[in-house]
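K.L.:
Let's see this in three dimensions:
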Amino acid sequence: MSVNRSAATLVDVPRGLAGVVVTDTQIGDVRGREGFYHYRQYSAVELAQTRSFEDVWHLLVHGELPDAGRGAAFAAETAALRRLPEQVAAALPAIAAAGGRSGPLAGLRTALSLLGAAQGFRPVYDIDAAQRRADAVTATAAVPTLLTALHRLGEGLDPVPPREDLSYAANYLYMLTGEEPDARRTRAIEQYLISTIDHGFNASTFTGRVIASTGADVAACLVGAVGALSGPLHGGAPSRALDTLDAIGTPDRIDAWVRERVLAGDRIMGFGHAIYRTEDPRSRMLREIAQGFGGERVDFAVQVERGVEAVLAELKPGRELHTNVEFYAGLVMELCGLPREMFTPTFAAARVVGWSANILEQAEDPKIIRPVARYVGPVPPVAVPEVQQVA
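P.N.:
Just a heads-up that it's a prediction; the model follows:
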């Protein structure tokens, strides 16, 4: 049996790279045991409560919160980038038709690739920091336009052109519905968007950074991140959390329904998190937003939250399992009139800012991300068998 001479240099790590530090970052962090996360030096929840989406976007891409003048200038700069190149807009009907039930997130992968080509994005390896930042901002500004257009085309409706006089959140809702949203719903969606801009080295962020480490262009990095987000274990849970509410139906069914699922080994969507060992701070904030709207649906969601946590505490003692961001995110988006098929795409419309910031940071590091795998198959080399001729 041959010996791998490099085996002595290999480092075993937990499955899924759990707890493994792979790089340094100045963008933000998640402190799971404390129930706290931040963007640069600021509490992400406090930013969501006090600042605009554009201000936080500026913070992640430029490294600092803008004053009123710079904030207004950045908002105007990004608003002017919302319109799509003609060749991209012309291709969207075919992309939407080909996507079928796969929805806007699947179409976004194709549309972003086309956008990158139409805008002439070059590999981040070959351009300076200013051009990388310009490409990242251009792509980010276009994502809401792409998502809403793909959704409307999939519903047999014409896309709604973007408006430069509306904020990022208001324009997103406007392009989705064709109607100017009221201030209350706009602010609720804006706070949701801010709260999900970034969240540590999650799967999609890490994917974007791996691609950036190869020197690929910004669009290629974002396409990879979108692909990772599309998986139901990452970005696909907000609508599934609402499905849980629908399946339970009434308060008297909560306990029995939850016990049956837990004892069967099923996962309760909207509960538990890979990092948090206490209440998810995003969930807490979104619960408060939902309760601000009020109504039977919100009251029932709170009852379900309490009921699920009680059963989980009884049947899974010693484990801290609370609502995660998806549980109340779905409820807030529903209250603001978003269809369920747009929940995860709306998540992407926020997270693209965090992806971009991480791509820009990774582009400054010349080292490609290239781990290894331990081969555990049949011991090589084995002689290749000759092809047996058929008589």
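K.L.:
C-alpha from now on. contacts and neighbour counts both.
P.N.:
Will do.
K.L.:
residue ranges with poor pLDDT in this protein?
P.N.:
By pLDDT under 70, the weakly predicted segments of the chain are 1-8, 236-238, 270, 272-277, 318, 320-321, 391.
K.L.:
Strands along that one, start to end?
P.N.:
28-31, 36-39, 42-43 (DSSP state E).
K.L.:
Asp304 - how many residues pack around it?
P.N.:
Let me fix one detail, which is that residue 304 is Val and not Asp. Other residues near Val304 come to 22 when the count uses other CA atoms under 10 Å.
K.L.:
Return the residues in contact with it.
P.N.:
Leu245, Pro251, Ile254 (CA atoms under 8 Å, 6 or more residues apart in numbering).
K.L.:
Could you check how far the second one is from Ile189?
P.N.:
Think Pro251. Pro251 sits 28 Å away from Ile189, going by CA to CA, to the nearest Å.
K.L.:
Can you give the distance of the helix ranked longest in the chain from its chain's centre?
P.N.:
Taking DSSP state H as the criterion, the chain has its longest helix at helix 129-154. Put simply, helix 129-154 sits 14 Å off its chain's centre (CA atoms, centre = their mean, to the nearest Å).
K.L.:
Buried residues in that helix, which are they?
P.N.:
Judged by neighbour count using 16 or more other CA atoms under 10 Å, the buried positions of helix 129-154 are 132-133, 135-154.
K.L.:
got a list of contacts for stretch 128-147?
P.N.:
In contact with stretch 128-147 (CA under 8 Å, 6+ apart) are residues 61, 78-79, 81-84, 104-105, 108, 111-112, 115-116, 121, 124, 161-162, 172, 175, 218-219, 345, 349, 352-353, 356, 360.
K.L.:
filter those residues to the buried ones?
P.N.:
Buried among the contacts of stretch 128-147 by 16+ other CA under 10 Å: 61, 78-79, 81-84, 104-105, 108, 111-112, 115-116, 121, 124, 161-162, 172, 175, 218-219, 345, 349, 352-353, 356, 360.
K.L.:
Out of those residues, list just those in helices.
P.N.:
Using DSSP H, the buried ones among the contacts of stretch 128-147 in helices are 61, 78-79, 104-105, 108, 111-112, 115-116, 172, 175, 218-219, 345, 349, 352-353, 356, 360.
K.L.:
Would you check that Met285 makes contact with Ala44?
P.N.:
No. Using CA atoms under 8 Å as the test, Met285 is too far from Ala44 to be in contact (10.7 Å).
K.L.:
Neighbour count for these two, which is higher?
P.N.:
Shown here are Met285 and Ala44; by other CA under 10 Å, Ala44 has more neighbours (25 against 21).
K.L.:
show me the contacts for the more buried one.
P.N.:
Tyr37, His38, Ile194, Ser195.
K.L.:
how deep is Gly69 tucked in, by neighbour count?
P.N.:
9.
K.L.:
same deal with Gly32?
P.N.:
Neighbours of Gly32 (other CA under 10 Å): 17.
K.L.:
What separation is there between the spatially closest residue to Arg185 that is not a sequence neighbour and Ala290?
P.N.:
Nearest residue to Arg185, sequence neighbours excluded (CA to CA, 6 or more residues apart in numbering): Cys336, at 5.4 Å. Distance from Cys336 to Ala290, counting by CA to CA: 10 Å.
K.L.:
Settle it for me: which of those two has more neighbours?
P.N.:
More neighbours surround Ala290 than the other of Cys336 and Ala290, with 25 against 20 (other CA under 10 Å).
K.L.:
which residues touch the more buried one?
P.N.:
Ala290 touches Val298, Tyr328, Leu331, Val332, Leu335, counting by CA under 8 Å, 6+ apart.
K.L.:
which of these tops the neighbour count?
P.N.:
Tyr328 (29 neighbours).
K.L.:
Wait, that residue touches Gln291, no?
P.N.:
No. Using CA under 8 Å, Tyr328 makes no contact with Gln291, being 10.1 Å away.
K.L.:
quick one on the thing from earlier: got the contacts of Ala44 as TSV, with neighbour count columns?
P.N.:
As requested, the contacts of Ala44 are exported to TSV (neighbours: other CA atoms under 10 Å):
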residue	neighbour count
Tyr37	24
His38	20
Ile194	26
Ser195	32
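K.L.:
Pull the most distant pair out of the residues you listed.
P.N.:
Pairwise distances across those peak at 12.3 Å for Tyr37 and Ile194 (criterion: CA to CA).
K.L.:
Show me this protein divided up by domain.
P.N.:
37-232+340-363, 238-335 (automatic domain parsing).
K.L.:
Would you mind finding the most buried of these?
P.N.:
domain 37-232+340-363 (a mean of 20; mean count of other CA atoms under 10 Å).
K.L.:
how long is it end to end?
P.N.:
Span of domain 37-232+340-363 from end to end, CA to CA: 24 Å.
K.L.:
next one: it to chain centre, how far?
P.N.:
For domain 37-232+340-363, the distance to the chain centre is 10 Å (CA atoms, centre = their mean).
K.L.:
Show residues contacting stretch 332-342.
P.N.:
Here stretch 332-342 has contacts from 103-104, 151, 185, 188-189, 239, 286, 289-290, 293, 330, 343, using CA under 8 Å, 6+ apart.
K.L.:
cutoff 7 Å now
P.N.:
Applying CA atoms under 7 Å, 6 or more residues apart in numbering, the contact partners of stretch 332-342 are Arg185, Ser239, Leu286, Ala290, Phe343.
K.L.:
One more: stretch 366-384?
P.N.:
Val210, Ser213, Thr214.
K.L.:
Not counting its neighbours along the chain, what's nearest the last one?
P.N.:
Counting by CA to CA, 6+ apart, Thr214 lies nearest to Ile368, which is 5.6 Å off, once chain neighbours are set aside.
K.L.:
now do the second one
P.N.:
Leaving out its chain neighbours, the residue that sits closest to Ser213 by CA to CA, 6+ apart is Ile368, at 4.7 Å.
K.L.:
what's around that neighbour, how many residues?
P.N.:
15.
K.L.:
Please state the backbone phi and psi of it?
P.N.:
phi -70, psi 140 (degrees, to the nearest 10).
K.L.:
Would you mind stating the distance between it and Thr344?
P.N.:
30 Å.
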